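# this one's sequence-less:
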(Lines give C-alpha, C1' and ligand atoms only; values in the text may rest on other atoms or scores of the structure.)
Protein backbone atom coordinates (compact mmCIF):
# COMPACT_ATOMS: atom_id res chain seq x y z
CA UNK A 1 0.00 0.00 0.00
CA UNK A 2 1.18 3.50 -0.80
CA UNK A 3 1.97 5.18 2.52
CA UNK A 4 0.83 8.53 1.13
CA UNK A 5 -2.68 7.19 0.55
CA UNK A 6 -4.06 8.59 3.79
CA UNK A 7 -7.74 7.81 3.14
CA UNK A 8 -6.97 4.15 2.43
CA UNK A 9 -4.91 3.86 5.61
CA UNK A 10 -7.60 5.63 7.64
CA UNK A 11 -10.36 3.36 6.34
CA UNK A 12 -8.25 0.30 7.13
CA UNK A 13 -7.57 1.47 10.69
CA UNK A 14 -11.23 2.30 11.26
CA UNK A 15 -12.34 -1.04 9.80
CA UNK A 16 -9.91 -2.98 12.01
CA UNK A 17 -11.15 -1.01 15.00
CA UNK A 18 -14.78 -1.78 14.22
CA UNK A 19 -14.02 -5.48 13.80
CA UNK A 20 -12.04 -5.56 17.03
CA UNK A 21 -14.74 -3.84 19.01
CA UNK A 22 -17.39 -6.12 17.55
CA UNK A 23 -15.39 -9.18 18.56
CA UNK A 24 -15.04 -8.08 22.19
CA UNK A 25 -18.56 -9.56 22.62
CA UNK A 26 -19.21 -8.20 26.12
CA UNK A 27 -19.34 -4.56 27.13
CA UNK A 28 -18.05 -5.06 30.67
CA UNK A 29 -14.47 -5.75 31.71
CA UNK A 30 -13.01 -4.77 28.32
CA UNK A 31 -12.46 -1.06 28.82
CA UNK A 32 -8.69 -1.27 28.34
CA UNK A 33 -9.08 -3.16 25.05
CA UNK A 34 -11.63 -0.59 23.92
CA UNK A 35 -9.17 2.22 24.68
CA UNK A 36 -6.54 0.56 22.50
CA UNK A 37 -8.95 0.03 19.63
CA UNK A 38 -10.37 3.54 19.92
CA UNK A 39 -6.84 4.96 19.71
CA UNK A 40 -6.48 3.21 16.33
CA UNK A 41 -9.73 4.76 15.19
CA UNK A 42 -8.69 8.22 16.39
CA UNK A 43 -5.52 7.94 14.30
CA UNK A 44 -7.74 7.10 11.33
CA UNK A 45 -10.00 10.08 12.08
CA UNK A 46 -6.94 12.34 12.28
CA UNK A 47 -5.86 11.13 8.84
CA UNK A 48 -9.31 12.09 7.54
CA UNK A 49 -9.56 15.40 9.40
CA UNK A 50 -9.75 17.25 6.07
CA UNK A 51 -13.11 15.61 5.31
CA UNK A 52 -14.67 16.58 8.61
CA UNK A 53 -13.88 17.09 12.26
CA UNK A 54 -16.98 15.47 13.78
CA UNK A 55 -15.68 11.85 13.65
CA UNK A 56 -12.49 13.03 15.35
CA UNK A 57 -14.47 14.80 18.07
CA UNK A 58 -16.65 11.73 18.61
CA UNK A 59 -13.56 9.52 18.69
CA UNK A 60 -11.89 11.71 21.31
CA UNK A 61 -15.14 11.68 23.28
CA UNK A 62 -15.17 7.88 23.13
CA UNK A 63 -11.58 7.79 24.31
CA UNK A 64 -12.38 10.00 27.31
CA UNK A 65 -15.42 7.89 28.23
CA UNK A 66 -13.43 4.67 27.93
CA UNK A 67 -10.67 6.05 30.15
CA UNK A 68 -13.32 6.95 32.73
CA UNK A 69 -14.74 3.42 32.41
CA UNK A 70 -11.28 1.97 33.09
CA UNK A 71 -11.30 3.77 36.44
CA UNK A 72 -14.95 3.05 37.18
CA UNK A 73 -14.43 -0.70 36.97
CA UNK A 74 -12.06 -0.53 39.93
CA UNK A 75 -14.52 1.05 42.35
CA UNK A 76 -13.80 4.63 41.39
CA UNK A 77 -16.14 7.50 42.04
CA UNK A 78 -17.59 7.04 38.52
CA UNK A 79 -18.97 3.56 39.32
CA UNK A 80 -22.56 4.77 39.65
CA UNK A 81 -22.30 6.42 36.21
CA UNK A 82 -20.93 3.33 34.46
CA UNK A 83 -24.16 2.30 32.63
CA UNK A 84 -24.66 5.82 31.27
CA UNK A 85 -21.00 6.15 30.24
CA UNK A 86 -21.12 2.76 28.50
CA UNK A 87 -24.30 3.67 26.60
CA UNK A 88 -22.88 7.08 25.59
CA UNK A 89 -19.66 5.40 24.39
CA UNK A 90 -21.58 2.97 22.19
CA UNK A 91 -23.79 5.72 20.76
CA UNK A 92 -20.66 7.72 19.88
CA UNK A 93 -19.28 4.63 18.17
CA UNK A 94 -22.56 4.33 16.25
CA UNK A 95 -22.37 8.03 15.31
CA UNK A 96 -18.86 7.71 13.94
CA UNK A 97 -19.97 4.68 11.92
CA UNK A 98 -22.78 6.73 10.41
CA UNK A 99 -20.45 9.61 9.56
CA UNK A 100 -17.74 7.38 8.13
CA UNK A 101 -20.18 5.61 5.85
CA UNK A 102 -21.34 9.00 4.66
CA UNK A 103 -17.75 10.13 4.03
CA UNK A 104 -16.90 6.99 2.07
CA UNK A 105 -19.93 7.44 -0.16
CA UNK A 106 -21.50 4.13 0.82
CA UNK A 107 -25.13 3.44 1.65
CA UNK A 108 -25.42 4.94 5.10
CA UNK A 109 -29.09 4.38 5.76
CA UNK A 110 -29.56 0.63 6.23
CA UNK A 111 -26.68 -0.41 8.50
CA UNK A 112 -27.02 2.45 11.03
CA UNK A 113 -30.79 1.94 11.23
CA UNK A 114 -30.35 -1.79 11.82
CA UNK A 115 -27.65 -1.12 14.45
CA UNK A 116 -29.70 1.52 16.25
CA UNK A 117 -32.47 -0.90 17.24
CA UNK A 118 -30.41 -3.31 19.39
CA UNK A 119 -28.33 -0.40 20.67
CA UNK A 120 -31.45 1.43 21.85
CA UNK A 121 -32.78 -1.68 23.59
CA UNK A 122 -29.35 -2.28 25.15
CA UNK A 123 -29.18 1.34 26.35
CA UNK A 124 -32.48 0.95 28.22
CA UNK A 125 -32.06 -2.65 29.42
CA UNK A 126 -28.52 -1.98 30.65
CA UNK A 127 -29.94 0.21 33.44
CA UNK A 128 -32.24 -2.55 34.75
CA UNK A 129 -30.64 -5.37 36.72
CA UNK A 130 -33.52 -7.73 35.87
CA UNK A 131 -32.91 -7.25 32.13
CA UNK A 132 -29.26 -8.30 32.05
CA UNK A 133 -29.87 -11.16 29.60
CA UNK A 134 -31.82 -8.89 27.22
CA UNK A 135 -29.03 -6.31 27.37
CA UNK A 136 -26.44 -9.00 26.61
CA UNK A 137 -28.36 -10.33 23.60
CA UNK A 138 -28.85 -6.81 22.25
CA UNK A 139 -25.16 -6.03 22.68
CA UNK A 140 -24.22 -9.15 20.72
CA UNK A 141 -26.71 -8.19 17.98
CA UNK A 142 -25.18 -4.71 17.86
CA UNK A 143 -21.71 -6.25 17.63
CA UNK A 144 -22.75 -8.41 14.68
CA UNK A 145 -24.05 -5.34 12.85
CA UNK A 146 -20.76 -3.58 13.61
CA UNK A 147 -19.02 -6.43 11.77
CA UNK A 148 -21.11 -5.36 8.78
CA UNK A 149 -19.74 -1.84 9.27
CA UNK A 150 -16.19 -3.19 9.50
CA UNK A 151 -16.68 -4.99 6.18
CA UNK A 152 -17.95 -1.77 4.61
CA UNK A 153 -14.89 0.11 5.84
CA UNK A 154 -12.57 -2.56 4.44
CA UNK A 155 -14.43 -2.19 1.13
CA UNK A 156 -13.83 1.58 1.31
CA UNK A 157 -10.14 0.87 2.02
CA UNK A 158 -9.91 -1.34 -1.05
CA UNK A 159 -11.62 1.28 -3.22
CA UNK A 160 -9.30 4.04 -1.97
CA UNK A 161 -6.25 1.82 -2.38
CA UNK A 162 -7.08 0.99 -6.00
CA UNK A 163 -7.64 4.64 -6.98
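The structure has been received and is ready for your questions. Quick caveat: nothing in here was measured; it's all calculated off a predicted structure. Numbers count the residues shown, from 1 in each chain.
# where does residue 50 sit: helix, strand or coil?
Using DSSP: H, G, I helix; E, B strand; the rest coil, the structure places residue 50 in coil.
# any idea how far it is from residue 130?
48 Å (Cβ to Cβ, to the nearest Å). Yep, even glycine has a C-beta here, placed from its N, CA and C like the rest.
# please name the nearest non-neighbouring residue to residue 119.
Using Cβ to Cβ, 6 or more residues apart in numbering and skipping residues adjacent in sequence, the residue nearest residue 119 is residue 142, 5.0 Å away.
# ok, that neighbour - contacts?
By Cβ atoms under 8 Å, 6 or more residues apart in numbering, the contact set of residue 142 is 90, 115, 118-119, 122.
# now it: which helix or strand?
helix 132-162 (DSSP states H and E).
# okay, which residue is most central for the chain?
residue 93 (3.2 Å; Cα atoms, centre = their mean).
# the strands in the protein, which residues?
Remark: no strands are assigned in the chain by DSSP state E.
# ok so, going back, ok, the contacts of residue 142 vs residue 62, which is closest?
residue 90 (9.0 Å; Cβ to Cβ).
# how many residues are close by the closest one?
24 (other Cβ atoms under 10 Å).
# ok, now which ones touch the closest residue to residue 54 other than its chain neighbours?
Excluding its sequence neighbours, the residue lying closest to residue 54 (Cβ to Cβ, 6+ apart) is residue 99, at 5.8 Å. Residues near residue 99 by Cβ under 8 Å, 6+ apart: 52, 54-55, 58.
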